[in-house]
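S.K.: Sequence first, then the predicted structure:
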Amino acid sequence: MRRKLLIRDLTLRDGQQSLFATRMTQSQVDSVLPYFKEANFYAMEVWGGAIPDSVMRYLNENPWERLEKIKEAIGDVSKLTALSRGRNLFGYNPYPDGVIEGFNRNAIKSGIGIMRIFDALNDVENMKSTIKFVKKNGGIADCTICYTVDPKFKTKDHLKALLHAKLLPNKIFTDDYFVEKAKILEDLGADMISLKDMAGLIPPIRTGRLIRKLKNTLTIPVDFHTHCTPGFGLASTLMAIVNGADIVDTSIWHFAGGPAAPAFEIIQILCDKMNIETGVNLDAVVNINNKLKEIRKELAPFDSYKDKIPNDFDITKDKIHPEIEELFEYAIAYAKADKEAELLDVCLRIEKYFNFPEPDENVKFAEIPGGMYTNMLEQLKQLKLEALLPRVLEIIPTVRLAAGCPPLVTPTSQIVGVQAVNCVIDENKGVPYYTTKSIQFVNLVKGSYGKTPIPIDPEFRLKVAGVKEETPYNPSYHRTPENPVFEEYGGVKLAQNEKEELLLELFPSVANKYLKDKIENNYLAEIHKVEEEKQRKIDEEKAKYANLTPEEKEQRLMHGLYNYNWNTYGKSE
């Protein structure tokens, strides 16, 4: 009996977010849905992440309607997946249970089958309520352990610490750390566990080792998710498959590679060679990819890799050069033999043959997410201080360690990155580190976002946040956003139902503008509709009047069958 591997397609959420700043319009999404219905993926990630914010902010579209239209088109063929940050949902501060329950209930009612739940600190406490509400409403709780690496210190940093009778910590994020988190989540009711490497930093050997340990420890399915930014993505995904992963995440050809996930088509070729069944309809995938090629051209203004678009490839009929075909065989052999260097070499040669983006060496060397790297560079460029980037990269481990060594995933990666830039700017001005600090960094150190992987020095917390003791966020401080009534638009509320109220809760400023614009546009459209109807009746009467004989016109005017305007109109003819 052939082994079965399930595929979660990321194209419509992670794929477009990683490569095209989440700019796919509803019409573009709609154009590929009939083919996705035929493709038979186990799951499709279509919502959450940056989508709800972006479709309102940039496209003036309703995120709930996007989800509902996808569900209507796909039906029950594939389980629709969304991504959320547990108690934080889409923001920084945790939300009270009422908001978390409402969001998950409505998401599942609108079509979500699997809610992928993660926490940027890997704080299981921040995931408990979401697990409970997802399961209560009939959804599948996909609980995530966020992969990250220990901070890398230079020899001089270790020597400096020793002078102060301190040791810099290492071996924080061990295999046991991740496996223990996964086991706790299974005990809390997780239906599946995802090893989620949002920065693409997990190398093949560690992938294989972790997947084996997770499979030996857990009784629920294990999913593997990574990105290709530093060049590990394809090799690590193959290692996950070889070592027993139940599900892997991929994107379709033109929405894959670079900062996105590995291409499904390459994974499918590897599976065919290993006699592994995915159950995916390849003819449908070819049709999807043909549409994605057109859409990618339309998204060119947002495509940072438009000079490195993969070559056209039809998995159902195109022949691969024999030398490259042989590389697939080598890749499988090296993965099974745990030969990491050789595996990476052949996987990169395969991707180069198909013209996928080459590894980002800066991200690979710095061991930080690509988005964190580019955001820090942009922050420095705006200040005309980009020459300070090497120093920023040098002090990231120090800033991260001081803040309790948070995983470098969204949003903690951005918090640490921004603070590292602030510290170097302070240094450049000749003032102490943390003279300049963001409110998000203060809240992270204070404890508002949850427990950090290692304790924060109370004296450092006092210096940065003004308190010595860890101070969790108190949900009683939460204030529901105002929902004003617009008398000028017919006395309607800004948010007119629970889903719109949730948008206001989760994206206050963006949703406020989006909902107000929607009300104004609807009001103007209604006025226009009334005017059109009035004009239609006038035109109808004019047509009737024009067909009357002069005697009939005179008779009707005499009997007052037309108003003043019609009297004028009739007499002037």
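M.R.: That came through fine.

S.K.: any idea how far Val280 is from Glu265?
M.R.: 10 Å (Cβ to Cβ, to the nearest Å). Where C-beta positions appear, they are placed from N, C-alpha and C, glycine not excepted.

S.K.: same deal with Ile100?
M.R.: The gap separating Ile100 from Glu265 is 38 Å, by Cβ to Cβ.

S.K.: and these two? which has more neighbours close in?
M.R.: Legend: neighbour count by other Cβ atoms under 10 Å for Ile100 and Glu265, higher for Glu265 (25 against 22).

S.K.: Packing partners of the lengthiest helix in the chain?
M.R.: Using DSSP state H to assign secondary structure, the helix with the most residues in the chain is helix 508-546. Packing partners of helix 508-546 (3 or more Cβ pairs under 8 Å, 6 or more residues apart in numbering; DSSP states H and E): helix 51-57, helix 498-506, helix 564-572.

S.K.: Go again with 6 Å.
M.R.: Applying 3 or more Cβ pairs under 6 Å, 6 or more residues apart in numbering; DSSP states H and E, one finds that helix 508-546 contacts helix 51-57, helix 498-506.

S.K.: how about the ones you listed in TSV, adding mean neighbour count, distance to Ile425 and mean pLDDT?
M.R.: Shown next, in TSV, are the helices and strands packed on helix 508-546 (neighbours: other Cβ atoms under 10 Å; distance: least, Cβ to Cβ, whole Å; pLDDT from 0 to 100):
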stretch	mean neighbour count	distance to Ile425	mean pLDDT
helix 51-57	22	28	96
helix 498-506	20	32	96
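
S.K.: can you redo those as TSV with distance to Asn474?
M.R.: Below are the helices and strands packed on helix 508-546 laid out as TSV (distance: least, Cβ to Cβ, whole Å):
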stretch	distance to Asn474
helix 51-57	25
helix 498-506	17
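
S.K.: and of those, who's closest to Leu393?
M.R.: Closest to Leu393 of the helices and strands packed on helix 508-546 is helix 51-57 (Cβ to Cβ; 28.4 Å).

S.K.: what does that closest one contact?
M.R.: Outside helix 51-57, the residues within contact range by Cβ atoms under 6 Å, 6 or more residues apart in numbering are 13, 22, 61, 63, 66, 507, 510, 514.

S.K.: at 8 Å what do you get?
M.R.: Residues from elsewhere that reach helix 51-57 (Cβ atoms under 8 Å, 6 or more residues apart in numbering): 13, 17, 21-23, 26, 61-63, 66, 90, 503, 506-507, 510-511, 513-514.

S.K.: Tell me what angle the longest helix of the chain forms with helix 498-506.
M.R.: 140 degrees (axes from the mean of the first three to the mean of the last three Cα atoms, to 10 degrees).

S.K.: quick one: buried residues of helix 508-546?
M.R.: Under the neighbour-count criterion of 16 or more other Cβ atoms under 10 Å, helix 508-546 has 510-512, 514-515, 518-519, 545 buried.

S.K.: Would you mind checking which of these is nearest to Asp187?
M.R.: Ala511 (36.2 Å).

S.K.: And the pLDDT at that closest one?
M.R.: On the pLDDT scale, Ala511 is placed at 95.

S.K.: now the nearest residue to it once chain neighbours are set aside: how far from Val99?
M.R.: Spatially, and ignoring its direct neighbours in sequence, Ala511 is nearest to Leu503 (4.0 Å; Cβ to Cβ, 6 or more residues apart in numbering). Per Cβ to Cβ, Leu503 is found 11 Å from Val99.

S.K.: cool, Val510 as well?
M.R.: 16 Å.

S.K.: Output the below-cut-off pLDDT ranges for the stretch 51-200 of the chain.
M.R.: Along the stretch 51-200 of the chain, segments meeting pLDDT under 70 span 154-169.

S.K.: again, 50 this time
M.R.: 158-159, 161-165 (pLDDT under 50).

S.K.: what about the helices in it?
M.R.: Along the stretch 51-200 of the chain, counting by DSSP state H, counting those that start in this stretch, helices occupy 51-57, 63-74, 97-109, 128-136, 155-163, 175-187.

S.K.: what's near enough to touch the residue nearest to Lys499 when sequence neighbours are not counted?
M.R.: Spatial nearest neighbour of Lys499, chain neighbours left out: Trp64 (4.8 Å); criterion: Cβ to Cβ, 6+ apart. Neighbouring residues of Trp64 by Cβ under 8 Å, 6+ apart: 106, 110, 499, 503.

S.K.: change it to 10 Å
M.R.: 47, 52, 55, 106-107, 109-111, 497, 499-500, 502-503 (Cβ atoms under 10 Å, 6 or more residues apart in numbering).

S.K.: picking up where we left off before, can I get the buried residues of helix 508-546 in CSV including distance to Pro458?
M.R.: Converted to CSV, the buried residues of helix 508-546 look like this (distance: Cβ to Cβ, whole Å):
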residue, distance to Pro458
Val510, 37
Ala511, 38
Asn512, 39
Tyr514, 43
Leu515, 44
Lys518, 48
Ile519, 49
Tyr545, 88
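
S.K.: Show me which pair in these is furthest apart.
M.R.: Val510 and Tyr545 (52.0 Å).

S.K.: What segments of the chain are strands?
M.R.: Using DSSP state E, the strands assigned to the chain run over residues 3-4, 6-9, 43-48, 79-84, 112-117, 140-146, 192-196, 222-225, 247-250, 276-277, 485-486, 492-493.

S.K.: Turn these into CSV, columns for mean neighbour count and distance to Leu343.
M.R.: Listed next are the strands of the chain as CSV, based on neighbours: other Cβ atoms under 10 Å; distance: least, Cβ to Cβ, whole Å:
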stretch, mean neighbour count, distance to Leu343
strand 3-4, 11, 20
strand 6-9, 24, 21
strand 43-48, 26, 26
strand 79-84, 25, 29
strand 112-117, 25, 28
strand 140-146, 25, 23
strand 192-196, 24, 18
strand 222-225, 26, 15
strand 247-250, 26, 16
strand 276-277, 14, 17
strand 485-486, 12, 60
strand 492-493, 14, 58
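
S.K.: for those strands, which one sits closest to Tyr373?
M.R.: The minimum distance between Tyr373 and those falls on strand 140-146, with 17.8 Å, by Cβ to Cβ.

S.K.: Off-centre distance for that closest one?
M.R.: 14 Å (Cα atoms, centre = their mean, to the nearest Å).

S.K.: same check, this time on stretch 22-32
M.R.: So, by Cα atoms, centre = their mean, the centroid of stretch 22-32 is 16 Å from its chain's centroid.

S.K.: Now that stretch - C-alpha only, CSV.
M.R.: Taking C-alpha atoms only, stretch 22-32 is exported to CSV below (Å, rounded to 0.1, in the frame of the first residue of the first chain):
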residue,chain,number,x,y,z
THR,A,22,-0.9,40.4,-0.1
ARG,A,23,-2.4,42.3,-3.1
MET,A,24,-4.5,39.6,-4.8
THR,A,25,-7.9,41.1,-5.5
GLN,A,26,-11.1,39.2,-5.1
SER,A,27,-11.6,38.9,-8.9
GLN,A,28,-8.1,37.4,-9.2
VAL,A,29,-8.8,34.9,-6.4
ASP,A,30,-12.2,34.1,-8.0
SER,A,31,-10.5,33.3,-11.3
VAL,A,32,-8.5,30.3,-9.9
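
S.K.: I am finished for the moment; much appreciated.
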